[in-house]
Each structure stands twice: as C-alpha cells, then as structure tokens.
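Participant: Let's see this in three dimensions:
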Amino acid sequence: MLRTGMALGPAVAALRSSRTEADIVVTTMGAAREWMALGPLHPLDFVLVPSSMGQATSVGLGLALARPDRRVVVLNGDGSMLMNLGSLVTITAERPENLMVIVCDNGVYEVTGAQPTPGAPAGRRAADRVDFAMMARAAGFESIHRYSDLDRWTAELPTRLAETGPTFVLLDIAPDPTIGGPRSPGNAGERAKQFMAALAGSVSPGA
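Facilitator: Numbering: from 1, shown residues only. Alright, predicted model coming up:
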C-alpha cells in the first residue's frame, strides 16, 4: 500500500504564493513539473531540468553563499535527496542563514515509473522507512519541520520562510504514478544566461 500525504501540486502552489520577488527558487524532478504548471516562471526560478539528479541542494547552497542577501529555497524530491545526502552536512558546515531545503517525500521515484525509493517498499512499516527529518538533524540542521497536512503547511509557511536558516522542511506527499516527468522549459544555456542576469540584480527594499 502506497503512503498517503498531501498532493504535490497544492503543496508546491502554497510556496509559489508565498515567495517574494527577491527569492531564488530551485526546483527539480516532480516539483519542477508542478512549479512550471503553475504559470510563467519568475526570473529567479532555477528549474533544474534537464539535470543531474540529486544536485539541487548543492546548487542551492552555492547560490545561498553567493547571494546572502537573497533567500534561496530548494524544492527537492526524496529520490534526489538520497542521491546527495552528503550535501546536508556541507550545508550545515557552511550554515547559510538564507537557505531552506524542502524535501517532497512520496516514497517513490515518480518520474521514472513510481519505483519505491530505498527504505520505502510497499507494505513496510512507517517506522522502518527512511526518516529524512532525522537524517537532517543528524547532519546538523537545527530548524527542522515536517508536514503531512496541506492546511497546516499553508498556514505555517510564512513563518517557516521567515526563520533564520539553514532550514529543513519535510513534506509527506502522496505519490501519483499516473503523472510523468517534467519537460524542459527551454534551451538550458539560454535559461542559464537569463538566470545569471536576474541574479546579478540588486534586491529592492521591501522585496
């Protein structure tokens, strides 16, 4: 039996509604698909598609260190997080106060056919599954939050975004094996140039 939780689309939409004009948002895999489905991208959206799976947290850390005046939010998946667990230790070693890592945990590699991620096979007890919140704490994160309810996530999101980071948020997401992977929003080289131009801009007061 597949795990239950929030639908990914509304969970991502809540963040989209709460981000400011100054925020950098890095998305990958299923989260990138849902982010792009919500409408035109912001100049500071970095959609990591196509991508080397697992690198979103490392990219987010680099951006947070390069631009400490901007908040950086990484929307990651559980499969992607498993491929780069070491980045959590690097993040806490650097302690960027402007970085939030959100892991959308649906227990499957959704974009490749919903194969169970390691530690989350059907029928396994919840207590035996990989606990990313515990991993984050062991890696040195002090601000850690977990949400299974969309209303609570939506209500508390502004508070989470206002916290001094690095912050780790785990979202329990219901898998949807009927949905395919994300499509690239366009030429990667040109998108990178446009993103760098937007990143070079100053932060407006009150943004």
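
Participant: Flag every buried residue along stretch 60-75.
Facilitator: Neighbour-count burial for stretch 60-75, with 16 or more other Cβ atoms under 10 Å as criterion, is recorded at 60-61, 63-64, 67, 70-75. For glycine as for every other residue, the C-beta is placed from the backbone atoms N, C-alpha and C.

Participant: Leaving out chain neighbours, which residue sits closest to Phe168?
Facilitator: Excluding the flanking residues, the one nearest Phe168 by Cβ to Cβ, 6 or more residues apart in numbering is Ala136, at 4.0 Å.

Participant: what sits against the one you found?
Facilitator: Contacts for Ala136 (Cβ atoms under 8 Å, 6 or more residues apart in numbering) come out as 88, 101, 144, 168, 170.

Participant: Assign a three-state SS to the last one, would you?
Facilitator: In this case it means Leu170. strand (DSSP: H, G, I helix; E, B strand; the rest coil).

Participant: thought it was touching Ser148?
Facilitator: No: between Leu170 and Ser148 there is no contact under Cβ atoms under 8 Å: 9.3 Å.

Participant: about what we covered before: Thr20 versus the residue nearest to Phe168, what's the distance?
Facilitator: The spacing between Ala136 and Thr20, counted by Cβ to Cβ, to the nearest Å, is 24 Å.

Participant: quick one on the thing from earlier: so which of the contacts of Ala136 is the most crowded?
Facilitator: Sorting the contacts of Ala136 by how many neighbours each has (other Cβ atoms under 10 Å) puts Val101 first, at 29 neighbours.
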